[in-house]
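The sequence and its predicted three-dimensional model are supplied below.
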Amino acid sequence: MARIGLVAHDDKKDELVAWAKLNRDKLALHELWGTGTSGGRVTDGTGLPVTRLLSGPLGGDAQLGAMIAEGRLDALIFFQDPLTAMPHDVDIKSLTRLATLYNILLAPNHRTADAVLSVL
């Protein structure tokens, strides 16, 4: 069982939920963590249990980053919107930097998320 973080920018939340619905059976085999809104949307859309952290701008991104640094997360599915500036961009950069630094699987879009899920 892998520990997977789930998060999406506002314009990508519907895409994350749609991806989670398509991969519900595979995701059900793992422990899921998510920022407040993203985690809630995935639970509402799929019925899967997602442990919800704070909303991203209120510290949820930092909480996921801490989990990565502490070795408590195996993969991060983070659907990013590359065309929209985020007010908490520094938190987002920190989260993706930690995923890279600690060499965990990181998926910024649904095609990469498919590949990540296939190896877990």
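Looks like it arrived, so ask away. Numbers count the residues shown, from 1 in each chain.

what packs against the helix or strand of the chain with the lowest mean pLDDT?
Comparing helices and strands within the chain by mean pLDDT, DSSP states H and E singles out helix 89-101 as the least confident, with a mean of 86. Packing contacts for helix 89-101, counted by 3 or more C-beta pairs under 8 Å, 6 or more residues apart in numbering; DSSP states H and E, involve helix 60-69, strand 75-79, strand 105-107. For the C-beta atoms, the positions are set from N, CA and C on the backbone; glycine is no exception.

Output the ones you listed in CSV; the columns should cover distance to L27 and mean pLDDT.
Output for the helices and strands packed on helix 89-101, formatted as CSV (distance: least, C-beta to C-beta, whole Å; pLDDT from 0 to 100):
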stretch, distance to L27, mean pLDDT
helix 60-69, 17, 95
strand 75-79, 9, 96
strand 105-107, 13, 97
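
Can you say which of those is packed in most?
Most buried of those, by mean neighbour count (mean count of other C-beta atoms under 10 Å): strand 75-79, with a mean of 25.

With just CA atoms, put it into CSV.
Only the C-alpha atoms of strand 75-79 are listed here, as CSV (Å, rounded to 0.1, in the frame of the first residue of the first chain):
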residue,chain,number,x,y,z
ALA,A,75,3.8,9.7,-4.4
LEU,A,76,2.3,13.1,-5.1
ILE,A,77,-0.4,13.6,-7.7
PHE,A,78,-0.5,17.4,-8.2
PHE,A,79,-2.6,18.6,-11.1
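
Strand partners (parallel or antiparallel) of it?
Neighbouring strands of strand 75-79 in its sheet, by DSSP bridges, are strand 3-8 (parallel), strand 105-107 (parallel).
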